Each structure stands twice: as C-alpha cells, then as structure tokens.
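Enquirer: make a model of this:
(chains A and B)
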Amino acid sequence: MKTIRIGSGAGFAGDRIEPAVELAEKGRLDYLAFECLAERTIALAQQEKMHDPSAGFDPMLVRRIKAVLPAARANGTRIITNMGAANPQAAAEAARRVAREMGIKGVRIAAVTGDDVLDRILEGEYRLDESGRPVSELGNKLVSANAYTGIDGIIDALEQGADIVITGRAADPVLFLAPLVHEFGWARDDWATLGRGTLVGHLLECAAQVTGGYFADPGVKDVPDMLHIGYPLAEVQADGSAIITKVDGSGGIVSTATCTEQLLYEVHDPSAYFQPDVIADFSQTRFRQEGENRVAVEGASGRQRTGLLKVSVGYVDGWIGEGQISYGGPGAEERGRLAIDLVARRLAELGLRVQESRGELIGVNSILPGNTSQAPPREVRMRFAARCDSREDALRIGEEVEGLYLNGPYGGGGVTKQAREVVAIGSTFIPEDLVSQTVTILES
Amino acid sequence: MILRDIAHSRTGDKGDTCNISVIAYREEDWPLIRQEVTAERVAAHFGPQMGGDVVRYELPQLRALNFVLRGALAGGVTRSLALDAHGKALGSTILDMEIGD
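Expert: Residues are numbered from 1 along each chain as shown, chains lettered A, B, ... in the order given. Below you'll find the model as predicted:
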C-alpha cells in the first residue's frame, strides 16, 4: 500500500532552519513543504518589488534552500513552498543560483504565478468583506491584491518534473494537499478525500505547533526537549487518513492534545473550513495515539467548493506611533496610570490629530484591557500608542512619552519610541475562473 | 477551581476574528466544561469591546469547544494598536475563568 511521507519545514517566514534539515536528512520524505507567507507579508513584499523588480520574495529563501537541498537531492525529496511571495519568478532564479553555486546540476525549479489579481480587482465591482466598502475607494492606498490559489499550479509543476515548486499566495494547506492529489490521483470532485488531505495540510502547516511548540505550560503541559523541537511529518494513505509524527530522537511531543489544539487553530466553524479546492469539514475528526509521538488522524470530510477565491487586499492605512516608559517600586501602577493620563491630555491640548489611541500598563492590562492587577505590581511599563494620518504626527506620540522623563511622574525610565507605516489587510472574493496560474521551469 | 486546572486552550487569528479552543484534559471534566463555559460567559470575560460577537462550536468526540470572537482584535494583526496584535496571549486569559463549585 502506497504511503506518502510529507514534512513541514517552516511554519512562518522567520522559522528555524535546523529542524527542516533534520527532516530532510532523517525523515525519509517524499515532500518537504515550507509555509512562510502570513496575511500581510505579501503586501510588504509587493512594496519591495515596486522599489526593486528583482526583490519581493522571502529573504530567507536562499538560506533555506541551501540548507536542505543536499539532503533533499540525495533522498529524492521534492520541495514545495510559498516563499515566492510577490515574486515567484525572481525566487526561482535565486534558487537556481544557489543550486549552481553548490555545484548541484539538473535541479528543476518551478515558479507558479497567477495569484496577483490587482488588475482584475481594480476593474471589477469588489467590496471589502470587513467594511462592505468598494475596494476601488482605496485608490492609490491600494498596494496589492492576491488570490489564495488552489492545487492546480503546484500539480502542473510536479507533473512537469519540478524538484522545487515556488508559489506566491497559495492557501497554506494547499502546499500539502497538492502533492497528495498528484501522488494518489484523487478526483477533483472527491470532496471527502480532498477534505481529509486538507486536514493533513492544516495540521502540518504551522510546523512545530503540532509537535509541542506554542503548547508548553510548565507544570500543566510539559514538553520534553523543547530546545531541539522536531518539525512534523505525515505518513499519508491513499484514502487521506494519516499518521502525524516526527523524526525519532528529535525534541517535542506529538499527542492527541497537540493535534486537537492545532486542529482548531485559526478555524472558525469546524464543519466549514473554506479552501480554494474544497470546503473541508473537520467537525468529526478523531485522533488516536497509536505510539509514542504517533497520532492517527481520521474522520475529516468535505463538500463542494464555493467557486470563489478569497483575495487578500493590502493597503496603506496611516501610521502608528508609540512610546513606552517604566515605573518601579510601591505606587508603580498609580504612576503608570498618571503617565497615561498626562500623555492623553497633552495630545488633546496640542490638537494632534489622532484617529484612535490606546494607553496601557504592560504587566497589568496590555493583553486583556480592563484587567486589574491581583496584587500591586512592583513594576509596570506604560505604553501609549496611537493611529495617525502622517509619520510626523506618529513621531509626536513617542516624543510625548519621552517628555515624561523630566515632566512626568516620579522615577520614569527606559523610554523607547517608534513610528511605523501601517499596511493593512482586507479581504474580498473573486470568481475562480478569473484566476489562472502559469508554471515556468528553470534548471540549474 | 479555574479552567486551567481541567482544560487547555489555543488561540488563533484570521483578520479581525479571534478563535479560542478549550479542550478538556479528561473525559470526566467534559460535561462540566460543556455546561459552564458558554458563549455568554466567554463574552462577559472579554467584555463588550472584544466579546460582542461570540459563537461556540462543540466537538464532543475531542472534548473540545471552539469559540469564535468576531471583531475582537481591534482591526486585526495588520492594523491593531495592541502589542499582542494577534491576540495570541489574549486567549490564554480564558483559563482564569472560575468553574465548578
């Protein structure tokens, strides 16, 4: 019975590299996928590409490919990643350069493009899902519009013999579902099986989050050897059922608890997980611990897709300015509250235009506003942040916090300040037949 | 007893929506969690600003609840003024909820 072994080499753009190398060397993998594209990343990458046409892909791509390529090559493991971000073509060229520099010849690298739908969004009548306002209203604030694409482009690349497939905005689980459909020949309307494959992708896409990362709570949920946490792999059967596991000897833990947490991560209605190729249904999922760090997954299903692709719309949305200052000793909390009050009133007196602001005490109520401290804290860090129209105004926020050094409460120290431009993300939906993907193959 | 004594939790974000799972460690605690950790209590825990729209989903075979809080993240990770713009730390506060006798 055919089993496909697929590993997860990264769960975000800044993820560790060593666990992916461990997987490539010891995981006996058929595929190794890297999910490195957060909601906002592609908009930022699009901005970079506007300044430099050869930029706009993941800055860690070269390091990651360099680290795993020798083992992947030796073991016949194919690599799939969305590190192409706003520029898969340039990313593929960079990957080819790395392979050549390493003296590895004959590596076939595919760039999958077509997720950039900015031109169609500008032409059509699209509304932002969040506000209900027309996308066209954003005018020159609009930075990017990328559709969450499905399995077709990646499968096309694999059929053309690609060893490395580099996409832009593909839906995260698709990086895992596509090779499974390619290997097992699942029908494109076999919704239940596509749903099960989607679940495999969903469980793997955040890498260590299913092997004991984002999990440890000392004394309650302990994780062995966190320092050397291993990244996950799935052993997938032709019916879409799978075992989630990791390389023997690596750190971390794969348990029904880690799998249940990850099952629901970033999921709303578990019976309707919307994907480009299927609406996956995770509501009847079952996990069974079938050995140490081995969890069997079954029971997921699916139904016909909507025919609409979600589009991530990036737009510039003003500036955020902030400043922070610390207070210690008895009365620290009261002095922190006084500092917040002073900054808020100063900004009002100065007549600074602020769209929205937030003053808080780190250690008291910065996570859950309205929280009150159980016992008087002996140190707090006051933080004041505000949304402004311009960089100039945003800089004033930090300056006003800094002014507390000499003009504020007793014993304020350690001011930090910053101002950053906001690239916000909204979403809209585009009919799938308006999006077509293109595969370009390069060879080292 | 607080929820942390009998359940674990994970928080995720998508746009301006936060989801928080609550998972019973043991089968015998599941009925209590299912009965007491209602959408209303979760809404009250997070207050009107974040808990204005809470929906609960149940997965009894996994002893798990999933709470979906729409509009809870002050505009979402890309534009929120919050330090923890993802709300990843926010969800953990649910384990402070008093439960049982």
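
Enquirer: what number of residues lie near the residue of chain A found nearest chain B?
Expert: Across chain A, no residue is closer to chain B than residue A:266, which sits at 3.5 Å (Cβ to the nearest Cβ). Just so you know, the C-beta spots here come from the backbone N, C-alpha and C atoms, and that holds for glycine as well. Applying other Cβ atoms under 10 Å in any protein chain shown, we find 18 residues neighbouring residue A:266.

Enquirer: in this structure it contacts residue B:17, no?
Expert: No. Look at residue A:266 against residue B:17 with Cβ atoms under 8 Å: they stay out of range, at 9.2 Å.

Enquirer: show me which residues of the stretch 201-350 of chain A sit near chain B.
Expert: A:214-215, A:217, A:220-221, A:257, A:260-271, A:283-287, A:299, A:317, A:320, A:322 (Cβ under 8 Å from any Cβ of the partner chain).

Enquirer: now the helices: where do they sit in chain B?
Expert: With helices called from DSSP state H, chain B shows them at B:30-36, B:39-50, B:88-92.

Enquirer: wondering if the longest one reaches chain A at all.
Expert: Yes. Applying Cβ under 8 Å from any Cβ, one finds helix B:39-50 touching chain A at B:46, B:47, B:49, B:50.

Enquirer: swap in the first one?
Expert: No. No part of helix B:30-36 sits near chain A under the criterion Cβ under 8 Å from any Cβ; the closest distance found is 12.4 Å.

Enquirer: just the mean pLDDT for that helix, thanks.
Expert: The predicted model gives helix B:30-36 an average pLDDT of 98.

Enquirer: next: the shortest one.
Expert: For helix B:88-92, mean pLDDT is 89.

Enquirer: ok, and what's touching that helix?
Expert: For helix B:88-92, the surrounding residues in contact (Cβ atoms under 8 Å, 6 or more residues apart in numbering or on different chains) are A:214, A:367-368, B:9-11, B:13, B:18, B:20, B:46, B:50, B:72, B:84.

Enquirer: re the thing from before, winner for burial among the helices of chain B?
Expert: helix B:88-92 (a mean of 20; mean count of other Cβ atoms under 10 Å in any protein chain shown).

Enquirer: and that helix, how far out from the chain's middle?
Expert: In terms of Cα atoms, centre = their mean, to the nearest Å, the centre of helix B:88-92 is set 8 Å apart from its chain centre.

Enquirer: pLDDT at residue A:385, what is it?
Expert: 97.

Enquirer: quick one, helices of chain A?
Expert: A:18-26, A:41-51, A:61-75, A:88-101, A:118-123, A:152-159, A:174-184, A:191-204, A:256-264, A:332-350, A:391-402, A:404-407.

Enquirer: what number of residues lie near residue 78?
Expert: No chain was given, so I picked chain A. Neighbours of residue A:78 (other Cβ under 10 Å): 21.

Enquirer: looking at chain B here, not the other one
Expert: 22.

Enquirer: give the other helices and strands that the longest strand seen in chain A contacts.
Expert: Secondary structure assigned by DSSP state E gives strand A:308-328 as the longest strand of chain A. Applying 3 or more Cβ pairs under 8 Å, 6 or more residues apart in numbering or on different chains; DSSP states H and E, one finds that strand A:308-328 contacts helix A:41-51, strand A:142-147, helix A:332-350, strand A:379-388, helix A:391-402, strand A:413-431.

Enquirer: now, of these, which is deepest in the fold?
Expert: Mean neighbour count (mean count of other Cβ under 10 Å) peaks for strand A:142-147 among these, with a mean of 26.

Enquirer: run the angle between it and helix A:41-51 for me.
Expert: 120 degrees (axes from the mean of the first three to the mean of the last three Cα atoms, to 10 degrees).

Enquirer: flag every residue of chain B that's near chain A.
Expert: Checking chain B against chain A by Cβ under 8 Å from any Cβ, the hits are B:4, B:8-10, B:12-17, B:19, B:21, B:23, B:25, B:46-47, B:49-50, B:55, B:57, B:59, B:61-62, B:64, B:66, B:68, B:74-79, B:81-84, B:88-90, B:93.

Enquirer: now those: which count as buried?
Expert: B:4, B:8-10, B:12-17, B:19, B:21, B:23, B:25, B:46, B:50, B:57, B:59, B:62, B:64, B:66, B:68, B:74-79, B:81-84, B:88, B:90, B:93 (16 or more other Cβ atoms under 10 Å in any protein chain shown).

Enquirer: look up how far residue A:237 lies from the closest residue to chain A within chain B.
Expert: Scanning chain B for the residue nearest chain A gives residue B:12, at 3.5 Å (criterion: Cβ to the nearest Cβ). Note on residue B:12: its distance to residue A:237, by Cβ to Cβ, to the nearest Å, is 28 Å.

Enquirer: re earlier: dump the helices of chain B into TSV; add distance to residue A:188 as well.
Expert: Below are these laid out as TSV (distance: least, Cβ to Cβ, whole Å):
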stretch	distance to residue A:188
helix B:30-36	38
helix B:39-50	37
helix B:88-92	36
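
Enquirer: go through the ones you listed and name the closest to residue A:90.
Expert: Nearest to residue A:90, of all the helices of chain B, is helix B:88-92, at 31.9 Å by Cβ to Cβ.

Enquirer: skipping its backbone neighbours, what lies nearest residue A:252 in space?
Expert: Of all residues not flanking residue A:252 in the chain, residue A:212 sits nearest, at 3.5 Å (Cβ to Cβ, 6 or more residues apart in numbering or on different chains).

Enquirer: list the contacts of the one you found.
Expert: A:223, A:224, A:226, A:229, A:251, A:252, A:253, A:254, A:258.

Enquirer: likewise residue A:336?
Expert: A:327, A:361, A:364, A:380, A:381, A:382, A:409 are the contacts of residue A:336 under Cβ under 8 Å, 6+ apart.

Enquirer: what about 10 Å?
Expert: By Cβ atoms under 10 Å, 6 or more residues apart in numbering or on different chains, the contact set of residue A:336 is A:325-327, A:359-365, A:377, A:379-383, A:409, A:412.
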